[in-house]
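Asker: Predicted coordinates and the sequence they were generated for:
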Amino acid sequence: MAGLEIRDATVRYGVPTGSARSGRSAGVTAVDRVSLTVAPGEVVALLGPSGCGKSSLLRAVAGLEPLAGGSIGYDGEELAGVPVHKRRFGLMFQEGQLFPHRDVRRNVGYGLETQELSRAERDTRVSALLDLVGLAGYERRSVLTLSGGEQQRVALARALAPRPRLLLLDEPLSALDRQLRERLAGEVRAALVETGTTAMFVTHDHTEASAVADRVGVMDRGRLLQVAAPDELRTAPASDRVTEFLGLRGSQSGV
Ligand SMILES: Nc1ncnc2c1ncn2[C@@H]1O[C@H](COP(=O)(O)OP(=O)(O)OP(=O)(O)O)[C@@H](O)[C@H]1O
């Protein structure tokens with residue numbers, strides 16, 4: 001199938017060699033037989049409390065964690081054995097990812113340096129991306145002078161620059177205060193939709209998940225409880241745990 005296809009993916013940590021075969025439950029099962037698809041151009045959020053396995057699943061898709069079971073494919077190609085840099089996926093994290101000694105233009109243009117573009121073409125693309133993330137005219141600014149929100153906008157522009165076939169975002173707004181987070185969540189979605197970017201967005205904040213994603217996957221203790229459009233999750237939650245995470249009852253949301 002086109003896009004991302006995760007089938008029965010399992011990620012374990014700290015399992016000594018051989019113990020899986022012996023059947024003993026050594027180590028932690030961070031992701032437990034999760035199946036999920038992301039269609040081309042679709043944005044899917046992974047939502048759940050701290051420790052539920054969201055980042056582990058994202059890292060497995062990126063190729064940063066090996067699978068203990070199941071498989072991950074993209075556009076019909078099996079990704080096992082395909083190294084991180086050959087997957088043509090983009091990554092964006094919470095913070096601390098910009099090069100401090102490069103200006104904004106050279107940060108955003110970083111992923112374009114290996115592509116066969118003239119300097120002028122590169123600059124045009126960088127300016128268009130800065131425009132897209134609301135930072136038109138910031139080319140020459142030192143990233144050290146930017147606010148946290150501006151830095152994450154630059155990081156988003158940089159991640160989008162090489163046109164990744166899948167963008168993986170791990171809590172990209174978590175270091176920002178709530179008000180800014182809510183505004184930026186809408187802006188991130190607009191940028192992803194405008195560029196037609198296929199994306200997986202990890203968050204523990206249900207408001208953010210609903211603002212960013214076409215569909216939200218709710219995770220709990222390594223398992224995927226439900227995947228549905230934000231409206232459908234609200235009107236037809238599959239279980240009480242889903243209701244809790246959506247903040248419709250209790251105080252589990254925003255853990
Ligand atoms: N490198 C590791 N070694 C051992 N255990 C790990 C490792 N990374 C994660 N874990 C464990 O795996 C489980 C899932 O962690 P993971 O980081 O995927 O969850 P998460 O939902 O992304 O949490 P958070 O929102 O806090 O980042 C947790 O129990 C965690 O302690």
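Answerer: Sure thing, it's come through. Numbering: from 1, shown residues only.
Asker: Give me the pLDDT value at the residue of the stretch 151-255 of the chain found nearest the ligand.
Answerer: Across the stretch 151-255 of the chain, the shortest distance to the ligand (CB to the nearest ligand atom) belongs to His204, at 5.2 Å. To be clear about C-beta, it is placed using only N, CA and C from the backbone, and glycine gets the same treatment. If you check His204, the pLDDT there is 92.
Asker: and it, how many neighbours does it have?
Answerer: Residue crowding around His204 was assessed by other CB atoms under 10 Å; the count is 22.
Asker: Cys52 too?
Answerer: 24.
Asker: likewise Thr235?
Answerer: Neighbours of Thr235 (other CB under 10 Å): 9.
Asker: what about it, distance to Glu42?
Answerer: According to CB to CB, to the nearest Å, Thr235 stands 20 Å off from Glu42.
Asker: Kindly list the longest helix within the chain.
Answerer: Of all the segments of type helix in the chain, defined by DSSP state H, the longest one is helix 178-194.
Asker: where does the protein come near the ligand, residue by residue?
Answerer: By CB under 6 Å from any ligand atom, the residues of the chain that approach the ligand are 13-14, 28, 30, 48, 50-56, 204.
Asker: And the strands in the stretch 101-250 of the chain, which stretches?
Answerer: For the stretch 101-250 of the chain, applying DSSP state E, counting those that start in this stretch gives strands covering 166-170, 199-203, 215-220, 223-228.
Asker: wait, Val11 sits on Ile72?
Answerer: No. Using CB atoms under 8 Å, Val11 is not in contact with Ile72; the gap is 10.7 Å.
Asker: all helices of the stretch 1-150 of the chain, in order?
Answerer: 19-22, 54-62, 104-108, 119-132, 148-160 (DSSP state H, counting those that start in this stretch).
Asker: Can you add mean neighbour count, distance to Arg215 and mean pLDDT and give these back as TSV?
Answerer: Output for the helices of the stretch 1-150 of the chain, formatted as TSV (neighbours: other CB atoms under 10 Å; distance: least, CB to CB, whole Å; pLDDT from 0 to 100):
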stretch	mean neighbour count	distance to Arg215	mean pLDDT
helix 19-22	11	32	51
helix 54-62	23	15	97
helix 104-108	23	29	96
helix 119-132	16	23	93
helix 148-160	23	20	94
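Asker: Isn't Asn38 up against Met1?
Answerer: Let me fix one detail, which is that residue 38 is Val and not Asn. No. Judged on CB under 8 Å, Val38 makes no contact with Met1 at a distance of 10.3 Å.
Asker: out of the two, which sits in the busier spot?
Answerer: Val38 (21 against 11).
Asker: which residue packs closest to the more buried one, ignoring adjacent ones?
Answerer: Leu4 (4.1 Å; CB to CB, 6 or more residues apart in numbering).
Asker: That neighbour: what's it in contact with?
Answerer: Contacts for Leu4 (CB atoms under 8 Å, 6 or more residues apart in numbering) come out as 36-38, 61, 72-74, 166, 198, 200.
Asker: for Pro162, same thing?
Answerer: 90, 111-112, 115.
Asker: Looking at the residues you listed, state which has the most neighbours.
Answerer: Gly90 (22 neighbours).
Asker: How about it, nearest residue that isn't a chain neighbour?
Answerer: Using CB to CB, 6+ apart and skipping residues adjacent in sequence, the residue nearest Gly90 is Pro164, 3.3 Å away.
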